[in-house]
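**Student:** Fold the stuff below for me.
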Amino acid sequence: MRFSTSPIIVSSVYLASSWESSHAFHIASPKATSLTSHSATVDKPSTEESIVKTIVLEKMSAGVSASKEYAETYGLGDTDAGLYAFFDAICQSGMALALKGQPFVLRKEEIAEALAGQNTFEGFFTMQDMEKALEDDFLDASRGSTDNRKGWKITAVSNPRGDSFEEARMTYEDVLSALEKGTVIFNAAGAHIPKLAGPCLAVSDATHTPNALNLYLTAAGKRTSAPPHTDKQDVVVVQSTGRKYWKVYAPPAPSLKPNADIFARGKGDDSLPLYSLEERGELLIEAVLEPGDILFIPAAFPHTTGTAFDASEADDTSLHMTFNIDTHVWDLDYLSARRLALRRGCVQDTALGQSREEDNRYVGRVNELPKEVLEDVMSEFPLGFLSDNPSEHATVDAVTQELMRVSESVDEATYGKVEESIWKETVERIREQGIELFDIHRDMYLAAIEEGRARDAEDAMTAHLDKSKRRTLTPERMQRLSLFRVQRYYEKINQCKATMAEWSYSGKAPSSDAVGTLPENWAFTMPVKVGDQVEADLGGAFFPAMVTRVAGNKYDVKYFDGDQEAGLDRSMLKLMAPPNLPGDDVDTSNMTPKQLKRWKKQQAKKKK
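**Tutor:** Numbers count the residues shown, from 1 in each chain. The predicted structure is shown next:
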């Protein structure tokens with residue numbers, strides 16, 4: 001069952017016009033929530049931020065009763081109810097996300113007033129909770145780099161100390177040691193840590209999207225705890241303990257670096273140094289988050305953090321939860337939908353390229369589009385799109401019309417080659433996939449909640465035992481670890497994504513007078529290059545793989561499960577789709593063998 005309410009869109013036109021007036025991709029006068037020192041803040045929100053805050057707080061206040069009813073339905077707590085109220089307010093407000101979004105800060109006093117005097121976000125998850133989570137489970141974590149001149153790079157927190165299961169487990173001491181060097185990150189923590197599963201369930205149900213939660217731990221005194229970077233998700237930061245200093249900037253013009261992913265700037269090998277933002281960027285927010293505060297950052301907005309405050313002040317370790325609104329992750333945006341529709345219609349994307357499944361659709365020519373077109377095509381589907389009772393603007397028909405409008409504005413030629421029915425078929429298929437992914441995430445969080453209740457019951461039964469030594473997990477308890485529990489849901493997610501890709505490649509090719517010629521055994525004889533999708537011979541059976549290296553007549557591949565094989569002969573590789581044929585008006589590189597055969601038969605009939 002999906003607990004949902006119908007979104008009511010208010011002031012969306014006003015919000016959009018306000019954003020347009022102040023957030024072009026260029027240098028502008030900062031309108032920031034300002035920081036007077038590292039020990040105190042003075043809130044001076046911009047007009048745009050004030051408008052969004054006011055509407056969200058009003059919607060939170062109006063939704064208090066519904067959020068409590070929701071929490072009671074699933075046996076959740078006050079914090080879960082508060083998060084449901086906040087995220088439901090985001091949906092109800094109709095506020096824009098991603099490039100059209102507006103960052104804002106909500107102070108704990110404002111939140112408490114909106115939630116009828118109650119704000120339980122402060123201290124919801126502490127270092128003591130973290131210690132218990134590590135004691136109860138087999139968790140994994142990463143440590144982020146702290147150089148604000150380079151991209152944010154991630155390394156492992158711990159390495160196994162021996163061959164046994166217990167020696168491989170990460171300890172609380174490992175985390176404390178890593179904190180001396182940088183921020184410790186627990187990705188998808190809501191799936192693994194039962195106490196965080198309830199909040200994830202509430203956020204997913206409130207937004208009607210499959211969402212996730214990351215946990216960030218930073219020791220006090222770090223001048224830079226996260227170098228400047230952008231994220232693919234719209235994120236909501238909830239400060240639980242300690243304090244953290246934030247700077248949030250407007251997105252740099254994508255056209256200045258078109259081959260960079262605007263949703264992953266400052267990550268990996270991409271450079272987004274702080275000085276470049278200080279010199280040429282537009283500072284939107286500069287604030288210190290206290291326990292109980294909330295910060296909203298739209299996708300693609302650069303941000304950087306630190307925990308260095310006055311030496312006279314003793315600070316706890318900063319611990320905050322980041323809830324991700326994952327529309328761009330799950331194809332719930334117009335650029336993803338356009339690519340799927342073109343692929344389904346067997347139309348080559350001559351305008352933007354990046355049409356293969358392994359291509360990053362957020363880099364390249366898309367970043368050279370006019371600002372208005374870029375913002376539209378990068379926009380997400382309305383948050384109520386996957387709900388049982390979507391609002392008028394979030395229905396399949398409404399989203400289809402917007403997809404067609406946006407796709408035509410990107411390029412009329414490719415738009416005109418797609419049969420009209422395919423646009424709606426694509427939107428319907430994305431909705432089907434989205435609902436399936438949503439249900440998988442809900443089941444995953446519900447399973448974590450049940451595991452947490454089982455552990456609480458077991459702890460109550462063993463409360464009289466000596467707790468001075470680390471608990472050794474029993475074989476039965478080991479089988480219930482999140483390491484094994486979560487994996488089956490991830491497998492379902494991967495299968496769901498693979499099914500969508502297969503669907504997009506299995507469309508009916510449009511008619512064409514041009515007919516190419518392929519040898520009968522083209523799958524085993526045509527040239528193969530790095531990146532091609534193939535089936536590779538493994539012990540007499542063929543399995544999906546990708547070519548990773550070509551050396552003369554020998555080929556290295558990486559199988560779908562991550563295994564690799566080197567030095568295969570060409571006869572051991574079966575191409576999944578033929579290369580483009582000379583003179584074709586149809587992109588045959590996206591066709592499956594069955595699809596190509598059907599297309600060729602159609603051409604043969606036309607010649608008779």
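**Student:** My read is that Y70 contacts D205, right?
**Tutor:** Yes. In this structure, Y70 is within contact of D205 by CB atoms under 8 Å, at 6.9 Å. Using the backbone N, CA and C atoms, a C-beta is placed for each residue, glycine as well.
**Student:** roughly how far is stretch 542-559 from the heart of the chain?
**Tutor:** Here the centre of stretch 542-559 is set off from its chain's centre by 29 Å, with CA atoms, centre = their mean, to the nearest Å.
**Student:** Please put the alpha-carbon coordinates of that stretch into CSV.
**Tutor:** Extracted in CSV, the C-alpha atoms of stretch 542-559 (Å, rounded to 0.1, in the frame of the first residue of the first chain):
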residue,chain,number,x,y,z
PHE,A,542,27.6,-16.9,-23.8
PHE,A,543,27.0,-14.2,-21.2
PRO,A,544,26.4,-10.4,-21.4
ALA,A,545,29.7,-8.4,-21.2
MET,A,546,31.3,-5.2,-22.3
VAL,A,547,34.6,-4.9,-24.3
THR,A,548,37.2,-3.1,-22.2
ARG,A,549,40.3,-3.5,-24.3
VAL,A,550,41.3,-4.4,-27.9
ALA,A,551,44.8,-5.6,-28.7
GLY,A,552,45.1,-6.8,-32.2
ASN,A,553,42.9,-9.8,-32.6
LYS,A,554,42.5,-10.3,-28.8
TYR,A,555,39.8,-8.8,-26.7
ASP,A,556,39.3,-8.2,-22.9
VAL,A,557,35.8,-8.1,-21.5
LYS,A,558,34.0,-7.3,-18.3
TYR,A,559,31.0,-9.5,-17.6
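**Student:** If you count neighbours, what's buried in that stretch?
**Tutor:** F543, A545, M546, V547, Y555, D556, V557 (16 or more other CB atoms under 10 Å).
**Student:** what's the answer for stretch 265-284, then?
**Tutor:** Quick answer for stretch 265-284 (16+ other CB under 10 Å): R265, G266, K267, D270, L272, P273, L274, L277, G281, E282, L283, L284.
**Student:** What is the end-to-end distance of that stretch?
**Tutor:** Stretch 265-284 has an end-to-end distance of 17 Å (criterion: CA to CA, to the nearest Å).
**Student:** Tell me the one of the buried residues of stretch 542-559 nearest T54?
**Tutor:** Top of the list for closeness to T54, among the buried residues of stretch 542-559 and by CB to CB, is M546 at 49.9 Å.
**Student:** thinking that closest one is in contact with V528, fair?
**Tutor:** No. Assessed by CB under 8 Å, M546 is found out of contact with V528, at 10.7 Å.
**Student:** secondary structure class for E535?
**Tutor:** Put simply, E535 is strand when judged by DSSP: H, G, I helix; E, B strand; the rest coil.
**Student:** Quick check: bridge partners of it?
**Tutor:** When assigned by DSSP bridges, E535 has beta-bridge partners P544, K574.
**Student:** So for it, what's the pLDDT?
**Tutor:** Predicted confidence (pLDDT) for E535: 89.
**Student:** ok, now which ones touch it?
**Tutor:** F542, F543, P544, A545, L573, K574, M576 (CB atoms under 8 Å, 6 or more residues apart in numbering).
**Student:** how about 6 Å then?
**Tutor:** Each residue near E535 by CB atoms under 6 Å, 6 or more residues apart in numbering is listed here: F542, P544, K574.
**Student:** Roughly how far does the second one sit from K558?
**Tutor:** For P544, the distance to K558 under the criterion CB to CB, to the nearest Å works out to 10 Å.
**Student:** cool, D439 as well?
**Tutor:** D439 is 30 Å from K558, by CB to CB.
**Student:** repeat for E535
**Tutor:** Applying CB to CB, the value for E535 to K558 is 13 Å.
**Student:** what's the answer for G94, then?
**Tutor:** For G94, the distance to K558 equals 43 Å [CB to CB].
**Student:** Let's see which of the buried residues of stretch 542-559 end up in strands.
**Tutor:** Among these, the members found in strands (DSSP state E) are F543, A545, M546, V547, Y555, D556, V557.
**Student:** Count the residues that sit near the spatially closest residue to the fourth one that is not a sequence neighbour.
**Tutor:** So that's V547. Sequence neighbours aside, D532 is the residue nearest to V547 in space, at 4.8 Å (criterion: CB to CB, 6 or more residues apart in numbering). Residues lying near D532 (other CB atoms under 10 Å) number 22.
**Student:** what's near enough to touch G434?
**Tutor:** L332, L386.
**Student:** one more time with 7 Å, if that's ok
**Tutor:** W330, L332, L386 (CB atoms under 7 Å, 6 or more residues apart in numbering).
**Student:** From S504, how far out is it?
**Tutor:** Separation of G434 from S504 (CB to CB) stands at 15 Å.
**Student:** E113 now?
**Tutor:** As judged by CB to CB, E113 and S504 stand 48 Å apart.
**Student:** and what of R453?
**Tutor:** Relative to S504, R453 is positioned 41 Å away (CB to CB).
**Student:** Looking at those two, which is more packed in?
**Tutor:** Taking other CB under 10 Å, R453 and S504 do not tie; S504 has more neighbours (21 against 11).
**Student:** I'd guess that one is in a strand, am I close?
**Tutor:** No. With three-state DSSP as the criterion, S504 is assigned helix and is not in a strand.
**Student:** Output the below-cut-off pLDDT ranges for the chain.
**Tutor:** The chain contains residues with pLDDT under 70 at 1-44, 148, 151, 310-314, 465-472, 509-520, 579-608.
**Student:** Kindly list the longest helix within it.
**Tutor:** Longest helix of the chain, by residue count under DSSP state H: helix 420-461.
**Student:** mind listing the helices for the stretch 101-250 of the chain?
**Tutor:** For the stretch 101-250 of the chain, the helices defined by DSSP state H, counting those that start in this stretch cover 108-114, 127-136, 165-168, 172-179, 189-192, 194-207.
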